[in-house]
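1. need a 3D model of the sequence below.
(chains A and B, ligands or ions: 3)
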Amino acid sequence: MSGENAGNEFFRLTVNGIDHDVRDAWVGESLLYVLRERLGLPGTKGACEQGECGSCTVLMDGEAVCACLVMAASAVDSEIVTVEGLSTDGEPTDVQNTFVAAGGVQCGFCTPGLIVAVHHLLDRTPNPTDLEIREAISGNICRCTGYGRIFEAVRLARDARLAGG
Amino acid sequence: MTVINARSVDEALTALRDHPRARLLQGGTDLMVEVNLQRTSVQDVIALRQVSELRRWHVDEQSRAVRIGAGVPYAELERNPLALHLPALAQAARTVGSPQIRAAGSLGGNLGTCSPAGDGLPVLSAMDAVVHLRSATDSRDVSIHDFMLGVKRSARRPDELIVAVTLPLLDGFQGYAKVGTRNAMVISVASACLIHDASEGSIRLAYGAVAPTVVRARNAERWLAANAPLRGRPVFDRALASEFGRRAAEECAPIDDHRSTARYRRHAVAVLAERLLLQASGYGASREHTT
Ligand SMILES: Cc1cc2nc3c(=O)[nH]c(=O)nc-3n(C[C@H](O)[C@H](O)[C@H](O)COP(=O)(O)OP(=O)(O)OC[C@H]3O[C@@H](n4cnc5c(N)ncnc54)[C@H](O)[C@@H]3O)c2cc1C
Ligand code: FES
Ligand code: FES
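-> Ligands and ions are numbered 1, 2, ... in the order given. The predicted structure follows:
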């Protein structure tokens, strides 16, 4: 492919393993906006649109990044995974289940971003320390829970995976 | 009005020549904030994400230097093996934003923005780094000291791409310290990087967020060199460290802004410089030198 392929009129994104054609986006449109408003994937939340809150966290080529800081037209040829794409069978993932079990969800606005960040953590670091857990979710802000139950949810998911569950 | 996804440095440079007003985009952690908040209206964008040359780094044992591509993310700078070669840069990288920001943000973007609070910049300054610039027609190497001109102003011409930076491999203590309102996600109120070159016998101190650009505490460095032996594994006492800090603080030109006051920043610089010098004191003495 040559360099000048991604005009603002049309580009193709691979999200959760499916190719999507994006039309009529304006230059500079964020991946967050495209996911929610053009591709019908509203699981990814947006609040600050300046990288501060983490509610828009998605995986891009395996890295957890803020979708609000990704220029959508530059994300062509990348594998994007949103919270909708974490489950392979349509059932909640282990991490989603432990968030529910531990009461780690109150208003739920921060939850999708946290779920993505925690999957990213546990997939790379199967046995994270408390400090590693804190560090991994330091870019995700929650106004409601005070984080205690979120930590508990992460520990539960970690322990269940270690126990082979 | 396009987003051009460059696949190589040459492609990016050609695009930059053909679209002189284009903005370069690496991790987007500065540029996209501007775009989202509509502080900037972008015409053309040249995205560098896919340029693998910019994501590489390598160690040249011969010249004792590390060359780091402009697009290498902080997440890689903060980890081994790079962290073993450049410990202060790794410490600085760890203080940037959050894991999400560090997965995307780069030194090239830090230099491109050229904010005096950029966490990579005091390290580049204290290590006398060289910035490699290229355009479609020429290339040049600029000392970091000549690169940073003012608040968000640099010596980069609009047709130039920052390709890489080169830093020396040094023996001796390296440290970076930053003051902010909390641990994660904080732009620094004041920061300092101290580098000890044990074989040359010098200590260099650069500070951030306390002047229009990142600056070196040249007078304090000279004073220290005149008052303490700096080769090998020097030991510094508290009185000396505190005087070093006091002198370093005299050299900065902080301002009052929404993050802090000039008075507090000056105080913070003194404390950071003193602390870093004490950390450097006797550093490595308990370990066997292997190289
Ligand atoms: C939530 C949040 C927290 C942050 N915290 C910190 C922090 O703690 N410390 C800190 O230092 N910074 C912080 N930043 C700022 C930012 O992450 C850094 O400045 C980072 O280094 C920018 O890199 P980037 O690759 O994302 O740059 P981009 O946003 O892609 O680009 C930044 C600028 O550099 C130019 N540019 C990029 N690459 C090149 C190149 N190769 N050649 C020429 N010009 C180029 C761009 O045109 C643009 O003007 C934070 C940002 C956010 C959103
Ligand atoms: S909306 Fe992206 S980090 Fe807040
Ligand atoms: S549950 Fe409400 S913000 Fe976290």
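2. alpha carbons only for contacts and neighbour counts from here, please
-> Fine.
3. surely residue A:17 is in contact with residue A:79?
-> Yes: Residue A:17 is within contact range of residue A:79, at 7.3 Å (criterion: C-alpha atoms under 8 Å).
4. who has more neighbours out of the two?
-> Summary of the neighbour comparison: residue A:17 and residue A:79, criterion other C-alpha atoms under 10 Å in any protein chain shown, with residue A:79 having more neighbours (18 against 11).
5. list the beta-bridge partners for that one.
-> Taking DSSP bridges, one obtains residue A:14 as the residues bridged to residue A:79.
6. that one contacts residue A:15, doesn't it?
-> Yes: assessed by C-alpha under 8 Å, residue A:79 is found in contact with residue A:15 at 6.4 Å.
7. next, count neighbours for residue B:182.
-> Using other C-alpha under 10 Å, the number of residues around residue B:182 comes to 9.
8. again, but for the one 5 residues further on
-> As a burial measure, the neighbour count of residue B:187 was computed by other C-alpha under 10 Å and equals 20.
9. surely it touches residue B:180?
-> Yes: under the criterion of C-alpha under 8 Å, residue B:187 lies in contact with residue B:180, with a separation of 6.7 Å.
10. tell me the SS of the residue most central in space within chain A?
-> Centroid check for chain A by C-alpha atoms, centre = their mean gives residue A:58 as the closest residue, at 2.9 Å. For residue A:58, the secondary-structure state derived from DSSP: H, G, I helix; E, B strand; the rest coil is strand.
11. how about it: what's its closest non-neighbour residue?
-> Once flanking residues are discounted, residue A:58 sits nearest to residue A:82: 5.1 Å by C-alpha to C-alpha, 6 or more residues apart in numbering or on different chains.
12. so where's chain A uncertain?
-> Under the criterion of pLDDT under 70, the regions of chain A flagged as low confidence span A:1-9, A:165.
13. around ligand 1, pick out the residues from it.
-> With the criterion set to C-alpha under 6 Å from any ligand atom, chain A comes near ligand 1 through A:50-52.
14. helix or strand: which one has residue B:226?
-> For residue B:226, the host element (DSSP states H and E) is helix B:218-227.
15. just the angle for the helix or strand that comes right after that helix relative to helix B:218-227, thanks.
-> For helix B:218-227, the following helix or strand on the C-terminal side (DSSP H and E) is helix B:238-250. Here the directions of helix B:238-250 and helix B:218-227 differ by 160 degrees (axes from the mean of the first three to the mean of the last three C-alpha atoms, to 10 degrees).
16. quick check: mean pLDDT of the next helix-or-strand element following helix B:238-250?
-> Following the chain from helix B:238-250 toward its C-terminal end, the next helix or strand by DSSP H and E is helix B:262-280. Averaging pLDDT along helix B:262-280 yields 95.
17. which elements pack onto helix B:262-280?
-> Of the remaining helices and strands, those touching helix B:262-280 by 3 or more C-alpha pairs under 8 Å, 6 or more residues apart in numbering or on different chains; DSSP states H and E are strand B:174-179, strand B:190-197, helix B:238-250.
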